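**Student:** Below: sequence and its predicted model.
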Amino acid sequence: MYAERLAQLWSVENGLCFGRIDRALPSGADGAPGGAGGVNGPPAGDAAAGDAGTSGADTSSGPAGAGEGGAVPAAEARLYIGRIGLSDDDQERLLVDWRAPVAQPFYRATAASPAGLALRRHIRTRNRRVIGLDDDLFDIDALAEADRSTLNGEAALLASLAEHRTGRMRDIVATIQAEQDRVIRSGLPGVLVVEGGPGTGKTVVALHRAAYLLYTHRDKLSRGGVLIVGPSSTFLRYIGQVLPSLGETDVLLSTVGELFPGVTAEADEPDEVAALKGDARMAGVLARAVQDRQEPLGAPLELRVDRTTLRLDRRTVDSARTKARRSRRPHNQARRVFTRAILAALTKQAAKHYGADLLSEADVADLRAEIHAEPAVRSAINRLWPYLTPQRLLRELYADPARLASAAPELTGRERDLLRREPDAPWTPADVPLLDEAAELLGEIEESALRGALRAQEEESEEVRYAREVLAILGMEGVVDAAALAERHREDAAHLTLAERAAGDRSWTFGHVIVDEAQEVSAMAWRALMRRCPARSMTVVGDLAQAGTAAGPRTWAEALDPHAAGRWRLERLTVNYRTPSAIMDVAADALAAVGPGLEPPRSVRQGDEAPWSLRVDDLAAALPGVVAAEAAALGQGRLALIVPAALAERLAPLGVTGPEGLDAPVAVLTVAQAKGLEFDGVVIAEPAAVLAESPRGPGDLYVALTRATRRLGVVHTTDLPPFLSRLTPRRETGRA
Ligand SMILES: Nc1ncnc2c1ncn2[C@@H]1O[C@H](COP(=O)(O)OP(=O)(O)OP(=O)(O)O)[C@@H](O)[C@H]1O
């Protein structure tokens, strides 16, 4: 407990206290809300903010001195806002957690509607020193109406946006804007869809919402925790520090491809195949594939048991199968019903042979056990109703055209060909929702069956193979005592964090699920995600205009109505905090090409660098010079070179690829990898090729154009797509 508390305190140390609010006193009350110093006075209380968390010094100079004689209770007239709440030894409040309801005016107050505040102060600290203050005085008549109603804490916000990027998303706890605050504090139940253009803070807001929900509904969420699903491991690394910096650790970050414990799904495949695997029709295909494995009997079987020959005919098998299916249990569990029905029929036959009326109940039970132990009987049952793992089901389905044809009559021949693959081909991310669906249809296998199978391993039966597969999945091959393994596994579980336990358990359900870049999530993946959250308490963030894969939904209703009809609501974010308007003007043309009538978000900053284009003869020869010049122009900032997938390998040496690219001065990324990220500068190589590769048209270029916070350039050998005509052509050669 102490270790956890210490870890929390260390992680919130930086910028622990970042704000102060002084409530407006009713007219006629004595004194300014800031006490002796008033709003313009010296930051008496804030000197202590520099030492926040180490002493109770700010109680004496802060709240106690404020607002005496006013209607607002003295202790509440001035509040310090911080990453977490802190009290001194006498339970005097020193710092209010940003998520507490009393902190809300800090985020909601605007000049037009000051939420009862006289002053809001942003306090900037470095380590434990105060390095800057920005005050918002809420009697500003001078501001234009539009500015009054949207921006708050303008100076602090602009200072924060102007900082160069570090390759990691930072929290925005000090400068959350009013429209974002409404999303963060929106109620827990139901699915909240947050839609907005690039840079409007959807991701960062979703993360703050997770922190807010964990704080406000800890009782409900502490058991299941929160799952955050993002598009790539690079993206998850990019956002990974935000929640710990807000003191929250009970959160699992995962891509869809990582959701099936024991399966690493990293192989690539054409978008067309991924989209087909993500199609909702695949749910029916898999259900039929499972049914097809519950096989009817061809010719009757003669089974030699003891000194009798028993006959298993098609009718008996059909009736056992119907009984098992009617049990409505998943396949592996319904096998018990099937086995019981087969054994009952065979036992009856044998009993008749011995003279049924001569047998006691115990004799019949013995007979039944004897029949069950007979290898010929076991092997018949294994063939007619085999134990199946999701992996085996899917592998054998993909590899066998006859199985595919039977399970997928609604797919065209070409579509079925697209699904064909070798049995040992590696898994792709689009396979994971299918494995998850299969796991649901197949159900767990009972531990006793697994143990029995291991004991009988000399038979090399289906059970043994199943058990081996399970052990392999658990990484425990070579160890054969399943009971001991299960025991050890249980003990280990006690020492795992909630996120680790959740990551290893496919059937884990979360208190809240956040889905980022949700426009990329396929119908089959939505099904898998919904299983993780039966309560349907979710935050879904995305921008349909940025969709890159054909697998994603065309509307939010298409994605959500099948699972949460009437239980989802939409919020929009409209202000772009990332991309300056000079760059956004170019991106807006790309957006218009995505679809008419789409509104780009409004940029907060103008930016002083005009985005440029450079035509060269030889891309590979020109790019090193361009990249070096851009990186130099950015100083300490980070540059991304965004390239068509076809050129990714060739251009990789110009920077660092993969998640490590986040920590390098120059990252080389495809659009899919750059999704959700941001950089101080971006150079796009060969935009026409990016466009040609995109299954959803100009959306990918729109994403690429909106990654930069300061500088944007485009290098090309072929003609630019017409919607990039606003770029300023450079006349220099490759040595820019
Ligand atoms: N209120 C704020 N104060 C300071 N910075 C902010 C604020 N809101 C957003 N930002 C910054 O704006 C940038 C964009 O935010 P974010 O990545 O969450 O946007 P997004 O809407 O998810 O973008 P995309 O659709 O491109 O993925 C981030 O650097 C974020 O920290």
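**Tutor:** Sure, I can see it. Keep in mind that this is a model prediction, so the values were computed, not measured.
**Student:** Near the ligand, which residues of the stretch 551-700 of the chain? Just list them.
**Tutor:** Proximity of the stretch 551-700 of the chain to the ligand, by C-beta under 6 Å from any ligand atom, involves residues 577, 578, 676, 678. Where C-beta positions appear, they are placed from N, C-alpha and C, glycine not excepted.
**Student:** surely the last one meets residue 164?
**Tutor:** No: under the criterion of C-beta atoms under 8 Å, residue 678 makes no contact with residue 164, lying 11.1 Å away.
**Student:** What is the burial count for the closest residue to residue 393 other than its chain neighbours?
**Tutor:** Leaving out its chain neighbours, the residue that sits closest to residue 393 by C-beta to C-beta, 6 or more residues apart in numbering is residue 438, at 5.0 Å. By other C-beta atoms under 10 Å, 24 other residues sit near residue 438.
**Student:** dump the residue contacts of residue 438.
**Tutor:** Contact analysis of residue 438 by C-beta atoms under 8 Å, 6 or more residues apart in numbering lists 286, 289, 290, 390, 393, 394.
**Student:** So what does the fifth one have for phi and psi?
**Tutor:** Backbone geometry at residue 393, expressed as degrees, to the nearest 10, gives phi -60, psi -50.
**Student:** quick one, what contacts residue 730?
**Tutor:** Residues in contact with residue 730, defined by C-beta under 8 Å, 6+ apart, are 612, 613, 614, 713, 736.
**Student:** and the gap between the fourth one and residue 646?
**Tutor:** Residue 713 sits 20 Å away from residue 646, taking C-beta to C-beta, to the nearest Å as the criterion.
**Student:** next one: residue 679
**Tutor:** 22 Å.
**Student:** swap in residue 3?
**Tutor:** For residue 3, the distance to residue 646 equals 50 Å [C-beta to C-beta].
**Student:** Next one, pLDDT for the closest residue to the ligand within the stretch 501-650 of the chain please.
**Tutor:** Residue nearest to the ligand within the stretch 501-650 of the chain (C-beta to the nearest ligand atom): residue 577, separated by 3.5 Å. Reported pLDDT at residue 577 in the predicted model: 93.
**Student:** Neighbours of it, how many?
**Tutor:** Number of residues near residue 577 (other C-beta under 10 Å) recorded here: 23.
**Student:** what does the one 3 residues further on give?
**Tutor:** Per other C-beta under 10 Å, the neighbour tally for residue 580 reads 23.
**Student:** Equivalent analysis for the one 3 residues further on, please.
**Tutor:** Residue 583: 28 surrounding residues under other C-beta under 10 Å.
**Student:** what about the strand or helix carrying residue 514, near the ligand?
**Tutor:** Assigned by DSSP states H and E, residue 514 falls within strand 512-515. No: Strand 512-515 lies apart from the ligand when judged by C-beta under 6 Å from any ligand atom; the minimum separation is 11.7 Å.
**Student:** How far away from the center of its chain is the following helix or strand past that strand?
**Tutor:** Downstream of strand 512-515, the next assigned helix or strand under DSSP H and E is helix 523-531. In terms of C-alpha atoms, centre = their mean, to the nearest Å, the centre of helix 523-531 is found 12 Å from the chain centre.
**Student:** can you list contacts of helix 523-531?
**Tutor:** 229, 256, 259, 277-280, 282-283, 430, 432-434, 436-437, 440, 509, 513, 515, 521, 536, 538, 551, 553, 559-560, 562-564.
**Student:** residues near residue 82, how many?
**Tutor:** Residue 82 has 25 neighbours, counted by other C-beta under 10 Å.
**Student:** neighbour count winner among residue 679 and residue 646?
**Tutor:** residue 679 (29 against 13).
**Student:** Looking at strand pairing, list the partners for that one.
**Tutor:** Residue 679 has these beta-bridge partners by DSSP bridges: residue 708.
**Student:** gap between it and the ligand?
**Tutor:** Taking C-beta to the nearest ligand atom, to the nearest Å as the measure, residue 679 falls 10 Å from the ligand.
**Student:** By mean pLDDT, point me to the weakest helix or strand of this protein.
**Tutor:** Here the helix or strand of the chain ranked lowest by mean pLDDT, DSSP states H and E is helix 57-61, holding a mean of 31.
**Student:** wait, what's in contact with the residue nearest the centre of the chain?
**Tutor:** Centroid-nearest residue in the chain, with C-alpha atoms, centre = their mean: residue 229, separated by 0.7 Å. In this structure, residue 229 makes contact with 254, 255, 256, 259, 513, 514, 515, 516, 521, 529, judged by C-beta under 8 Å, 6+ apart.
**Student:** Kindly report the same for residue 338.
**Tutor:** 294, 320, 321, 323, 324, 381, 384, 385.
**Student:** From what I see, the first one and residue 323 are in contact.
**Tutor:** No: with contact defined as C-beta under 8 Å, residue 294 and residue 323 do not form a contacting pair (11.5 Å).
**Student:** from the middle of its chain, how far away would the longest helix anywhere in the chain be?
**Tutor:** In the chain, taking DSSP state H as the definition, the longest helix is helix 331-354. Averaging C-alpha positions (C-alpha atoms, centre = their mean) puts helix 331-354 46 Å from its chain's average.
**Student:** now the closest residue to residue 589 other than its chain neighbours, what's its secondary structure?
**Tutor:** Counting by C-beta to C-beta, 6+ apart, residue 723 is the residue found nearest to residue 589 once chain neighbours are left out, at 4.3 Å. Secondary structure for residue 723, judged by DSSP: H, G, I helix; E, B strand; the rest coil, is helix.
**Student:** Tell me how many other residues crowd residue 115.
**Tutor:** So residue 115, with other C-beta under 10 Å, has 18 neighbours.
**Student:** and the residue lying closest to residue 240 once chain neighbours are set aside, how many neighbours?
**Tutor:** Leaving out its chain neighbours, the residue that sits closest to residue 240 by C-beta to C-beta, 6+ apart is residue 253, at 6.3 Å. When counting by other C-beta under 10 Å, one arrives at 22 neighbours for residue 253.
**Student:** Next up, identify which helix or strand the residue nearest to residue 393 is on.
**Tutor:** Applying DSSP H and E as the criterion places residue 438 in helix 431-442.
**Student:** can you give me phi and psi for the residue nearest to residue 240?
**Tutor:** Residue 253 adopts backbone torsions of phi -100, psi 130, taken as degrees, to the nearest 10.
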